[in-house]
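Asks: Have a look; sequence and predicted model below, questions after that.
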Amino acid sequence: MDPQTLDLARWQFGLTAALFVTVVFGGLQLESLTTLQPMKSAVFRREAEEVARLQAELTARFGPGDHLPNEALTRGAGPLTMPAFALLMYGCRPRWCSPASAARCTARGPGTWC
């Protein structure tokens, strides 16, 4: 394997590892969301009774108003993040996985990007 392809492989491996660590720690932080931002957690988990209770508590504490976070953004972040993560993982896959890719790299000669 030529040095340029090896550098690309290292970069792709590093990016894949970074994405994996980000997802794992993001999942761990979801648990702390319940204690730090209970209203956001209740909206995210679609707990209507908890949202009503927290709305009443926040109204008593801060006065009248709508204390709900944007529900579309709160609920839409997860479904939007997963396809984005999948596309990044697909884009970071090693290019030498397929025989056709290996043949193209061999045909271009050493020192070229696949």
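Replies: Everything's here; your move. Residues are numbered from 1 along each chain as shown.

Asks: Could I get the full set of helices for this protein?
Replies: 3-36, 38-44, 48-62, 71-91, 99-108 (DSSP state H).

Asks: so what does the fourth one touch, helix or strand wise?
Replies: Spelled out, it's helix 71-91. Where contact means 3 or more C-beta pairs under 8 Å, 6 or more residues apart in numbering; DSSP states H and E, helix 71-91 is packed against helix 3-36, helix 38-44. From N, CA and C alone the C-beta is placed, and that goes for glycine too.

Asks: try 6 Å
Replies: On a contact count with 3 or more C-beta pairs under 6 Å, 6 or more residues apart in numbering; DSSP states H and E, helix 71-91 meets helix 38-44.

Asks: residue ranges with poor pLDDT in the chain?
Replies: 1-6, 8, 92-114 (pLDDT under 70).

Asks: For residue 55, the count of nearby residues, please.
Replies: 16 (other C-beta atoms under 10 Å).

Asks: separation between it and residue 43?
Replies: As judged by C-beta to C-beta, to the nearest Å, residue 55 and residue 43 stand 10 Å apart.

Asks: what's the answer for residue 90, then?
Replies: Relative to residue 43, and taking C-beta to C-beta, residue 90 is found at 31 Å.
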